[in-house]
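Asks: just to be clear, the model below is a prediction. Sequence and coordinates:
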Amino acid sequence: MQLDDLRAQFLVDIEITNKSGEYDALYLKYLSKTHGLITEHIKALPRLKPEEKKAQGPKLNELKKFIETAILKARLAHTKAQIEDTGIDLTALRQAENVGYLHPTTQVIREMNAFFRYYGFSVGEGPEIETADFNFRKLNLPEGHPATDLQDTLFIREPDILLRTHTSSVEARLLSSLKPPIRIVVPGKCYRNETANPSNSPFLHQYQGFVVDRGVTLQNLKWVFDRFLRYLYADDTIEIRFRYKYYPEVSPGMGVDIKCRFCGGKGCAVCKQRGWLEVLGSGMIHYNTLKMCGINPDDYTGFAFGMGLDRLVMAKFGIPDIRRLYGGLTYI
């Protein structure tokens, strides 16, 4: 078939296709890589004489582009006509839909920030890659302390650069740079050399807070946390217990527990059969810590607390395995 006849046939075919909308079939008839009419002419080019090839090639290429463009334009016009027939206005603004939710940990952090801001706390932050000075030394953790060895700490460069093991490092930084009175909370990520299990992870979130002022006592700390935990769980009947516990950076130290919400105090894998979940460590800021941070411990006292956010989130949302929070996998 001559190219002029092929063009004429295509014009007839596209008029028919405009009524049926079968543009894919039309495309294959002319441009299929195996049996398309245009393709057959292209395959025949090598068999032509050089002068015939020189005359036929440009015409064939022009016809191929003409057919491709014509099919594309006709397809778009056909689609537009169909849409107009349905009465849909594609230019109309559509109200955006809410997609997804905040991560449970983010939700809890925002709730906690709201509580502490109400009581006059500011929200601080600090680096996740920390020095041993702020992560250990200024918190009354001398060189050689068990908490500083490789079994607990992930070092980037021994012995001074590491991934912070707690948000207490931000406390040390801020106490060294600010003057009392100070009230600050610090939510953030921490890293420990831990084996993942239902209640522990090498990646975790903590929530640190501290107050330094004249006349601050342990009673102030207990008052804050009695109200805080009842606020967080929206439950005035939640059982809380305070018990003495040793922490190097505070003296005296105090652990704060809530009765396990998964087993009701009977003992389970989450609470390690204890019936209670430890939600935070706290106490009066150590004399040495205040002194090393440049605050006179004879004039000022303060309390500090640090809590594992992940366990609070698990208890609040009924999540029995910490790995479900961040692993992207389902664990039984």
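Replies: That came through, no problem.
Asks: the most centrally placed residue in the chain and residue 213: what is the separation?
Replies: Nearest to the mean C-alpha position of the chain, by Cα atoms, centre = their mean, lies residue 103 at 7.3 Å. Separation of residue 103 from residue 213 (Cβ to Cβ, to the nearest Å): 34 Å. Placement of C-beta: from N, CA and C, glycine included.
Asks: how about residue 45?
Replies: Residue 45 is 91 Å from residue 213, where distance means Cβ to Cβ.
Asks: ok, now residue 13?
Replies: From residue 13 across to residue 213, the span is 88 Å (Cβ to Cβ).
Asks: identify the bridge partners of residue 162.
Replies: Taking DSSP bridges as the rule, residue 162 bridges to residue 130, residue 155.
Asks: check residue 191 too.
Replies: Residue 191 has these beta-bridge partners by DSSP bridges: residue 203.
Asks: what are the ranges of the strands in this structure?
Replies: Using DSSP state E, the strands of the chain run over 122-123, 129-131, 155-157, 161-163, 182-191, 203-213, 240-244, 250-259, 276-285, 301-308.
Asks: for the stretch 51-200 of the chain, what are the low-confidence residue spans?
Replies: For the stretch 51-200 of the chain, the stretches with pLDDT under 70 are 85-90, 145-151, 198-199.
Asks: export the strands of the chain to TSV and append columns for distance to residue 35 and mean neighbour count.
Replies: Conversion of the strands of the chain to TSV gives the following (distance: least, Cβ to Cβ, whole Å; neighbours: other Cβ atoms under 10 Å):
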stretch	distance to residue 35	mean neighbour count
strand 122-123	70	14
strand 129-131	64	17
strand 155-157	64	11
strand 161-163	64	18
strand 182-191	61	20
strand 203-213	59	22
strand 240-244	80	13
strand 250-259	75	19
strand 276-285	72	22
strand 301-308	68	24
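Asks: output the ones you listed as CSV; include the columns distance to residue 319.
Replies: As requested, the strands of the chain are exported to CSV (distance: least, Cβ to Cβ, whole Å):
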stretch, distance to residue 319
strand 122-123, 25
strand 129-131, 29
strand 155-157, 31
strand 161-163, 24
strand 182-191, 18
strand 203-213, 13
strand 240-244, 21
strand 250-259, 15
strand 276-285, 13
strand 301-308, 13
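Asks: gap between the nearest residue in space to residue 102 that is not next to it in sequence and residue 310?
Replies: Leaving aside its chain neighbours, residue 102 sits nearest to residue 110 (7.7 Å; criterion: Cβ to Cβ, 6 or more residues apart in numbering). Residue 110 sits 16 Å away from residue 310, going by Cβ to Cβ.
Asks: repeat that for residue 123.
Replies: 19 Å.
Asks: residues in contact with residue 123?
Replies: 113, 116-117, 184-187 (Cβ atoms under 8 Å, 6 or more residues apart in numbering).
Asks: please apply the same query to residue 184.
Replies: Contact partners of residue 184, counting by Cβ under 8 Å, 6+ apart, are 121-124, 171, 174, 209-210.
Asks: and the helix ranked longest in the chain, which residues are buried?
Replies: Across the chain, the helix with the greatest residue count (assigned by DSSP state H) is helix 50-86. Within helix 50-86, the residues scored as buried using 16 or more other Cβ atoms under 10 Å are 56, 60, 63-64, 67, 71, 74-75.
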